[in-house]
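J.: Generate a structure from the sequence data that follows.
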Amino acid sequence: MKFKKIVGVDETLLNASALEQLHSLGEEVFMYHDFPLQEKEIIDRIGNADCLLVSFRTLITRAVLDACPNIRYIGMCCTLYDPSSCNVDVIEAYRRGITVLGVKDYGDEGVVEYVICELVRLLHGFGGVRWLKESTELTQRKIGIVGLGKTGRMIADALSFLGAYVSYYSKTRKPEAEKVGIVYRPLEELLADVEIVCTCLPRNNYILGEKEFELMGNGKILVNTSVGQTFQTEAICNWLRNCPDSFYLCDATGMGGLQDRLNGFPNVLYTPYISGKSIQSIERLSQKVLANMRDYLSSH
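T.: Alright, predicted model coming up:
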């Protein structure tokens, strides 16, 4: 069994081998490698496709589903953390009997390397900007991880290995992490005490507001590995403005649509690349997307 028509509506990052293999899964395959700006363009691209592939960026709304009634499978070429907070209206898709599958655990290694790399550069001043007056290692620095899922745990383990004192906050306690010395702390206590905060949260979790930034105060580092912001926009702007010895670090994924707002702050260290994008992560992503499609076809 094959799909009648597969459409990759935007840049899904599937590699050349995966793109070739799509032709064994669909009678027709149309792949786009940019990002549609208007809903009409999204609808026009999808047309009568029964299989839709999409990245974390393009919105697949109820209106899109209304206009494209042949869709029966949506392959999200990204992690599907929470149906209520992703770019696809997953809840509405489920209601219509559309299967929606995401992938996970494909880009974490690159994100961990990004966090370690950028912190080391800032702590030692290797990039021309230094956090403290004197160069410092990660050893014995107090670091808090907000969100201890797969990425957060990998970052915590890496920082612990390098000698940092690591604590975490999560909505649910993580006994396995606590067994190896990663200490649970309530959010307010963690923010007030640690020197470096790393947010590793699902999309659209705006956990840091004015109160939280006030608890952090000056002389802190915030690293964001999430898809988009984990804070209220005005709150972080006020923090960066009022706390000039603090720094915000993010890559292109973490920046989201805030580059214009944050561009003027000298204490924003922005890396305009996707840290989870490497030849290895793209291979993992590609194989998992294909596996989801094959599993669906084999059961329908």
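
J.: Would you map the strands across this structure?
T.: Ranges of strands within the chain are 3-8, 26-31, 51-54, 73-76, 99-101, 142-146, 165-169, 183-184, 196-199, 221-224, 247-251, 268-271, based on DSSP state E.

J.: Could you list the low-pLDDT ranges of the stretch 101-250 of the chain?
T.: For the stretch 101-250 of the chain, applying pLDDT under 70 flags no range at all.

J.: now the helices: where do they sit in it?
T.: For the stretch 101-250 of the chain, helices defined by DSSP state H, counting those that start in this stretch occupy the ranges 108-124, 150-161, 175-179, 187-193, 210-216, 233-242.

J.: spatially speaking, which residue is in the middle of this protein?
T.: V227 (3.3 Å; Cα atoms, centre = their mean).

J.: Would you mind measuring from that residue to K220?
T.: For V227, the distance to K220 (Cβ to Cβ, to the nearest Å) stands at 23 Å. Using the backbone N, CA and C atoms, a C-beta is placed for each residue, glycine as well.

J.: Ok, A291 next?
T.: A291 sits 41 Å away from K220, going by Cβ to Cβ.

J.: quick one: which of the two has more around it?
T.: Applying other Cβ atoms under 10 Å to A291 and K220 shows that K220 carries more neighbours, namely 22 against 12.

J.: Just list the residues touching that one, thanks.
T.: For K220, the contacting residues are 194-197, 243, 246-247, by Cβ atoms under 8 Å, 6 or more residues apart in numbering.

J.: Make a markdown table from the residues you listed and add distance to E92 and neighbour count to it.
T.: What follows is these, written out as a markdown table (distance: Cβ to Cβ, whole Å; neighbours: other Cβ atoms under 10 Å):
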| residue | distance to E92 | neighbour count |
| --- | --- | --- |
| V194 | 40 | 24 |
| E195 | 43 | 17 |
| I196 | 39 | 24 |
| V197 | 35 | 21 |
| C243 | 42 | 17 |
| S246 | 41 | 19 |
| F247 | 40 | 23 |
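
J.: hmm, back to that, any chance of the helices of the stretch 101-250 of the chain in a markdown table, plus distance to D295?
T.: Output for the helices of the stretch 101-250 of the chain, formatted as a markdown table (distance: least, Cβ to Cβ, whole Å):
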| stretch | distance to D295 |
| --- | --- |
| helix 108-124 | 22 |
| helix 150-161 | 21 |
| helix 175-179 | 29 |
| helix 187-193 | 38 |
| helix 210-216 | 41 |
| helix 233-242 | 40 |
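
J.: Throw those into JSON lines and include distance to D44 and mean neighbour count, thanks.
T.: Converted to JSON lines, the helices of the stretch 101-250 of the chain look like this (distance: least, Cβ to Cβ, whole Å; neighbours: other Cβ atoms under 10 Å):
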{"stretch": "helix 108-124", "distance to D44": "34", "mean neighbour count": "19"}
{"stretch": "helix 150-161", "distance to D44": "35", "mean neighbour count": "20"}
{"stretch": "helix 175-179", "distance to D44": "47", "mean neighbour count": "12"}
{"stretch": "helix 187-193", "distance to D44": "45", "mean neighbour count": "17"}
{"stretch": "helix 210-216", "distance to D44": "43", "mean neighbour count": "17"}
{"stretch": "helix 233-242", "distance to D44": "32", "mean neighbour count": "17"}
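
J.: Tell me which of those helices sits nearest to A67.
T.: Smallest distance to A67 across these (Cβ to Cβ): 31.7 Å, for helix 233-242.
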